[in-house]
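J.: Below are the sequence and a predicted model for it; my questions follow.
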Protein chains: 2
Amino acid sequence: MSNVSIIGIGQTDVREHWETSLRHLAWYAIEAALDDAHISTIDAIYAGNMLAGQLSNQNHLGALIADFAGFRGAEAMTVEAADASGGAALRQAVLAVQSGLVQTALVVGVEKITDETGSPIPAALATALDADYEAIHGQTLSGAGALLMRRYMHEYGVALEDFAGFSVNAHANAAANPRAMYRNRLKPEAFANAPMVADPVSLFDEAPAGDGAVAVIVTGSERAADMVAQPVRIAASALATDAVALHDRRDLLWLRAAELSARAAMERAGVTPDDIDVFELHDSFTVLAALSLEACGFAARGMGWQLARDGQIKRDGRIPISTFGGLKARGNPIGATGIYQIVELALQLRGQAGDCQVPGVKIGMAQNLGGTGATAVTHILVN
Amino acid sequence: MSNVSIIGIGQTDVREHWETSLRHLAWYAIEAALDDAHISTIDAIYAGNMLAGQLSNQNHLGALIADFAGFRGAEAMTVEAADASGGAALRQAVLAVQSGLVQTALVVGVEKITDETGSPIPAALATALDADYEAIHGQTLSGAGALLMRRYMHEYGVALEDFAGFSVNAHANAAANPRAMYRNRLKPEAFANAPMVADPVSLFDEAPAGDGAVAVIVTGSERAADMVAQPVRIAASALATDAVALHDRRDLLWLRAAELSARAAMERAGVTPDDIDVFELHDSFTVLAALSLEACGFAARGMGWQLARDGQIKRDGRIPISTFGGLKARGNPIGATGIYQIVELALQLRGQAGDCQVPGVKIGMAQNLGGTGATAVTHILVN
C-alpha cells in the first residue's frame, strides 16, 4: 500500500467554458482544492493535459499554471499520455510524494476544447493514435472506436442497442451531478436511433469532449491524518501500456494495458474485483467500458456488455460505474478526465457524493485510458 | 544526496535525420543505453519531448516508444516543460526510483524537427512562450531571446561582439565531438558579421534546432554499483519555475528559476559553485548562457559575458561549459537537449569524453531551461 493520501479536491463544471481561459479554468479547480485542504502552499505541480499545444498553442503549462496559481518558483511540469494524461499525472505525484523528496503535490488536470486557435479538434484528438500508421490514413479517434465496437459486435454476436445500458446509466447518474455536461436522461430508444458519428459509434455512444479543470492535493498519509478530517488513501497506483495502433495488438478485444495496470494495482492494494465498491472507468466509447470491465476482472471475456444490460452497473448494482455520469454524460475534458474520476471517487469515499452517492463505499477504483487503450492508469482509493 | 545512479547512456548524432522516424530515432538511443548498461529490461519510461504533437501529429509517445523498443506493457509517459522537457523527464525518473516503487527507469529524449507534417517550426517553438500574452502578438522564441539580449546589452553596456566567446567556444568544442551538428570552427569576426535572425540575435548566436534522441538508464545507487563498472551518481536534482512571459518577471535580467533550482541542487549535493568542474548550461541564446552563469553563482550580476571574453569557459578555464559543443554547436534537439547534457556530463565523469574531455572531472552540473527560462532543471552528477 502506498503512503500517499488525498487531502484536497476541487473541480469546475464540465461544459463549454467560452468565457474562461485555460489558466483561469486551472486556477478555479486549484483554488477549490486548496480551500478543501485548508492549505495555501504546495511543493510541486503535475499538470495533466493533452491538447493545449495543439488547440491553444500553449505548451509549458507547468510554469504557466504555477505562476498563475500563486506558486511562482514551484516545481511544475506537464505529464502527457493522451487522454490518460490525468491519471498519469497523479501517478507521478504519488511517486514524488512516496520518494520523500516532495512533501505536498498538486495534480491539476485542465483541458480547453472551445475557443481553440490551433488544429481542428478531431485532428488534435487523433494524435492519441499512431500518427505514422493510423492517423496518416485519415483514421480518427472516433473511427478507431468504431473498429473496436464493430469487431466486438461481430465476435460476440452483440447488437448496437445492447450497449445502450452504458449510456443510459451514465445519463441517469449525471442527472444527479450539478457539474455534469449533459444532465438529461437518455432513453434506450434514443440511443438506438442516434445519428452516426462513425458507424457503429453513434452520437450517444461516444463521450463528448468538454472544457474542464480539476485538482487533487496529495501528501504523505501520516501527515494527511493530522491535516484533514477525511483523508482518502491512494492504496495503489499503476500504469501500463500496450501497442498504440489497433493492428499491432495481439488481441483486438482484450485491453492488455487495462488488465496489467488493474492487476498490479489490486495486488499492491491487496484486493480483488469483488472488493471494489465503485469503479470509475473510461467510457469514452461504450465498447471501451465493456472491454474495461472484462480486462479488470468484473466480467468474463465477451460478457462486459451484459452488466449494462442487466443493470449491474447502476448505483445499486453489483459494480456501480460512471457514478457522476462518466465521460459520456459528465463530459470528457480529455487530459483532465483521469483526475475527475479521482475527485468523484474521493467524494464517494468521503460520503459527500450527494445524490450520486453509492451507499457504504469503502474501496473505489478508477481507470483512465489513453487513445483506444494503449495507456491505462489504475488507482485504488480507500477510506 | 539522492540514492539514484546512471548505469547506461546512449545517443544519436544531432543533425537532420530525414530518413529516420521519431520512433526509430528513440530506439537507436535506447538500444545504445541498454547495451551500455548490459541490461535488457526496464520498469518505466519517461519520454522528454516538446514538439511531436505539433510537428508530427503524434502525442502518446510513452506507449509508442515503449512498444517499439520492445517494452510493450511497461509504464511509460511523456514529460513536457518546453525545451526543459528532457531535464524534467530525468527529474521524474529520479523521483520514481527514489520512491522505491520503480526499480529501473529509462529516460529517453527525442525530437524530430525535419520532415514535419504539422505546424511551422517557429509557431511550434513559440508554444514555450505565453500564448495569450506573447505569442498571440506574433512573438517568437527568437524574438523573446532578442528582447532579453537587447536589455542585457543596454543595462550592462555590452556590445553584440562581446557575446562571441560563447559561440566560438561551443564550436571549438563541437569540433571534437563526432555527434555534433556543426563541427566547423567559428571566428569572432564571423559571429559579429552574421545575418540577423531577430536583432540582435544573429545566426551564430541562437542554437540551431536539430533532430536527435538520447537515453539514460537510472536505478538505485547500491544496485548500480553491482551492475556497472562506472555508475554516475545523481547527487541532486531540482526543478523550479518562473513567470512564462518576460513582462511578468520581477527582474528581466535575473533567471530566478535557474537560481532557485541551482541553489536547491547545490544544497542537496553539499557543493558550491567552486566545486563544479564542468557546467553544461542551456545556451539556446548566448545571453541565456551569460544569465545562467550569473544566476547559478559562477559570475556576479552583469558579468557572465566576461567569462566568455576571458576564455574562462574553455576546457582549461575556470568553469568549462558546452564541452561537447552545447546547444549552439552540438545542436539543439529541443525536448531531448536536457538529456544530451546529462549524457555528456556522464561521459566527462567516466573519463570517456574523448577529445572533449576536461581533465579530472569529479563533479558536474547540468542546467536545462524552458523557453526564456520559465522552467529550470538542475542536476548535479558525481563519480
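T.: On my side now, so go ahead. Numbers count the residues shown, from 1 in each chain, chains lettered A, B, ... in the order given.
J.: Going by C-alpha atoms from here, please, whenever you check contacts or count neighbours.
T.: Noted.
J.: got a list of what the residue of chain A found nearest chain B touches?
T.: Chain A approaches chain B most closely through A:Ser99 (3.5 Å), counting by C-alpha to the nearest C-alpha. For A:Ser99, the contact set (C-alpha atoms under 8 Å, 6 or more residues apart in numbering or on different chains) comprises B:Leu95, B:Ala96, B:Val97, B:Gln98, B:Ser99, B:Gly100.
J.: make it 10 Å
T.: A:Asn3, A:Ala93, B:Ser2, B:Val94, B:Leu95, B:Ala96, B:Val97, B:Gln98, B:Ser99, B:Gly100, B:Leu101 (C-alpha atoms under 10 Å, 6 or more residues apart in numbering or on different chains).
J.: Next, count neighbours for A:Asp316.
T.: By other C-alpha atoms under 10 Å in any protein chain shown, the residues close to A:Asp316 number 11.
J.: Would you list the phi and psi of it?
T.: Backbone torsions of A:Asp316, given as degrees, to the nearest 10, read phi -100, psi 10.
J.: these two touch, right, it and A:Val361?
T.: No. Look at A:Asp316 against A:Val361 with C-alpha atoms under 10 Å: they stay out of range, at 11.5 Å.
J.: ok, the contacts of A:Ser99 vs B:Ala192, which is closest?
T.: Checking the contacts of A:Ser99 against B:Ala192 by C-alpha to C-alpha gives B:Val94 as the nearest, at 41.7 Å.
J.: can I assume that closest one sits in a helix?
T.: Yes. Membership of B:Val94 in a helix is supported by DSSP: H, G, I helix; E, B strand; the rest coil.
J.: Across the sheet, point out what pairs with the nearest residue to it once chain neighbours are set aside.
T.: Nearest residue to B:Val94, sequence neighbours excluded (C-alpha to C-alpha, 6 or more residues apart in numbering or on different chains): B:Val4, at 6.3 Å. B:Val4 forms beta bridges with B:Gly220, B:Ile234, as assigned by DSSP bridges.
J.: I figured B:Val4 hits B:Val218, correct?
T.: Yes. Between B:Val4 and B:Val218 there is a contact under C-alpha under 10 Å: 6.5 Å.
J.: Which neighbours do these two have in common?
T.: With C-alpha under 10 Å, 6+ apart as the test, B:Val4 and B:Val218 both reach B:Ala93, B:Val94, B:Ala96, B:Val97, B:Gln103, B:Thr104, B:Ala224, B:Pro231, B:Val232, B:Arg233, B:Ile234.
J.: helix or strand for the residue nearest to the spatial centre of chain A, which one?
T.: Taking C-alpha atoms, centre = their mean, the centroid of chain A lies closest to A:Gly338, which sits 2.8 Å from it. Secondary structure assignment for A:Gly338, by DSSP states H and E: helix A:337-350.
J.: ok, A:Asp239 to A:Ile363 distance?
T.: Careful, residue A:239 is Leu and not Asp. Look at A:Leu239 and A:Ile363: by C-alpha to C-alpha, to the nearest Å, they are 19 Å apart.
J.: Settle it for me: which of the two has more neighbours?
T.: Neighbour comparison, A:Leu239 and A:Ile363: the larger count goes to A:Leu239, with 29 against 22 (by other C-alpha under 10 Å).
J.: what pairs with that one across the strands?
T.: A:Val377.
J.: Report the contact partners of the closest residue in space to A:Glu344 that isn't next to it in sequence.
T.: Once flanking residues are discounted, A:Glu344 sits nearest to A:Phe324: 6.9 Å by C-alpha to C-alpha, 6+ apart. Listed by C-alpha under 10 Å, 6+ apart, the contact set of A:Phe324 reads A:169-180, A:280, A:330-331, A:340-341, A:344-345, A:348, A:353-357.
J.: Give me the buried entries from those residues.
T.: Those of these that meet the buried threshold are A:169-180, A:280, A:330-331, A:340-341, A:344-345, A:348, A:353, A:356-357, by 16 or more other C-alpha atoms under 10 Å in any protein chain shown.
J.: A:Leu95 - how many residues pack around it?
T.: Number of residues near A:Leu95 (other C-alpha under 10 Å) recorded here: 27.
J.: From A:Val382, how far off is it?
T.: According to C-alpha to C-alpha, A:Leu95 and A:Val382 sit 18 Å apart.
J.: what's the burial count for A:Asp283?
T.: A:Asp283 has 29 neighbours, counted by other C-alpha under 10 Å.
J.: just A:Arg350 next, same as before
T.: Neighbour tally, A:Arg350, other C-alpha under 10 Å: 19.
J.: if I pick A:Ser322, what's in contact with it?
T.: So A:Ser322 contacts A:166-167, A:169-174, A:278-283, A:289, A:313-315, A:328-330, A:341, A:344-345, A:356, A:366 (C-alpha under 10 Å, 6+ apart).
J.: try 7 Å
T.: Neighbouring residues of A:Ser322 by C-alpha atoms under 7 Å, 6 or more residues apart in numbering or on different chains: A:Ala170, A:Glu280, A:Leu281.
J.: can you tell me the helix or strand for the first one?
T.: For A:Ala170, the element it lies in under DSSP H and E is helix A:164-174.
J.: pLDDT on the following helix or strand past that helix, on average?
T.: On the C-terminal side of helix A:164-174, the closest following helix or strand by DSSP H and E is helix A:188-192. Average pLDDT, helix A:188-192: 94.
J.: Flag every buried residue along the very next helix or strand once past helix A:188-192.
T.: Sequence-wise, the next helix or strand downstream of helix A:188-192 (DSSP H and E) is strand A:196-198. Buried positions in strand A:196-198, judged by neighbour count with 16+ other C-alpha under 10 Å: A:Ala198.
J.: Which secondary structure elements does the next helix or strand after strand A:196-198 sit against?
T.: Where DSSP H and E defines the elements, the next helix or strand beyond strand A:196-198 is strand A:201-202. Using 3 or more C-alpha pairs under 7 Å, 6 or more residues apart in numbering or on different chains; DSSP states H and E, no helix or strand is in contact with strand A:201-202.
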